[in-house]
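1. I would like the atomic coordinates for the input below:
(one chain, ligands or ions: 2)
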Amino acid sequence: MKKILVLIIVLTVVTCSTTAQPPPTVVIPPDGQEYLEAHNKARAEVGVGPLKWNFQLAKATSLLVRFQRDRENCRFANLTSGKYGGNQMWATGEVVTPRKVVENWVSEKIYYTHDNNSCAPDHRCGVYTQVVWRNTAELGCALASCLSDQSTLAICFYNPPGNVIGESPY
Ligand SMILES: *[C@@H]1O[C@H](CO)[C@@H](O)[C@H](O)[C@H]1NC(C)=O
Ligand SMILES: *[C@@H]1O[C@H](CO)[C@@H](O)[C@H](O)[C@H]1NC(C)=O
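-> Ligands and ions are numbered 1, 2, ... in the order given. Model (predicted):
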């Protein structure tokens with residue numbers, strides 16, 4: 001009898017809390033929306049479905065760009081050991097917006113040949129192929145600036161990661 005009573009109480013609590021407190025509405029910040037739209041535009045151009053914003057990935061990139069700002073003067077981060085896919089961009093002497101960051105990566109598209117999945121010599125098509133990687137579903141990004149040399153570092157993380165060696169992005 002005791003066990004049954006406990007179960008009923010627990011269920012009652014769950015019912016009460018769900019009716020009293022609706023789940024918090026998740027609002028993507030304007031910057032996030034801009035990263036997302038720029039990615040999804042490039043993906044739609046090659047017939048690949050949209051990414052979703054992931055708050056955990058955004059938090060991870062936010063911590064990383066702040067670390068690079070505070071300790072590494074906004075230099076590129078070492079992303080080689082991460083479990084997510086990663087793109088980064090460094091710029092100086094210009095105002096960097098999320099749209100500009102993504103457009104910079106997508107600008108490598110002209111050096112990428114989809115037919116044979118190859119990149120022109122001396123170019124880094126990997127930043128573009130990660131943007132349009134079909135099996136990547138989620139995105140989170142952040143940027144930070146260093147006043148000393150007016151530089152900005154932007155980083156996006158992708159899950160699942162793209163650029164699997166030997167595979168075509170789409
Ligand atoms: C980045 O991290 C990897 C793995 O931890 C390490 O092997 C590599 O030397 C690092 N690269 C740089 C440039 O520090
Ligand atoms: C892939 O195709 C492009 C365009 O036809 C060509 O320029 C390039 O050399 C090819 N790359 C490889 C690795 O076959």
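2. helix/strand/coil for L57?
-> Following DSSP: H, G, I helix; E, B strand; the rest coil, we place L57 in the helix state.
3. from K109, how far off is it?
-> Per Cβ to Cβ, to the nearest Å, L57 is found 23 Å from K109. To be clear about C-beta, it is placed using only N, CA and C from the backbone, and glycine gets the same treatment.
4. which one's more surrounded, these two?
-> Neighbour comparison, L57 and K109: the larger count goes to L57, with 21 against 17 (by other Cβ atoms under 10 Å).
5. I figured the more buried one hits E138, correct?
-> Yes: between L57 and E138 there is a contact at 6.2 Å, judged by Cβ atoms under 8 Å.
6. overlap in contacts, those two.
-> Y158, N159 (Cβ atoms under 8 Å, 6 or more residues apart in numbering).
7. residues contacting Q33?
-> Q33 sits in contact with W53, where contact means Cβ under 8 Å, 6+ apart.
8. helix or strand: which one has it?
-> Element membership for Q33 (DSSP states H and E) is helix 30-45.
9. what pairs with the helix or strand following that helix, parallel or antiparallel?
-> The C-terminal neighbour of helix 30-45 among helices and strands, as given by DSSP H and E, is strand 52-53. Taking DSSP bridges as the criterion, strand 52-53 forms sheet pairs with strand 138-146 (parallel).
10. got the angle for the partner strand vs helix 30-45?
-> When axes from the mean of the first three to the mean of the last three Cα atoms, to 10 degrees is applied, the directions of strand 138-146 and helix 30-45 differ by 130 degrees.
11. who touches strand 138-146?
-> Around strand 138-146, the neighbours that count as contacts under Cβ under 8 Å, 6+ apart are 31-32, 35-36, 39, 51-62, 64-66, 68-69, 73-74, 96, 98, 101, 151-159.
12. what is the mean pLDDT for it?
-> Throughout strand 138-146, pLDDT has a mean value of 98.
13. go on, stretch 106-119?
-> 97.
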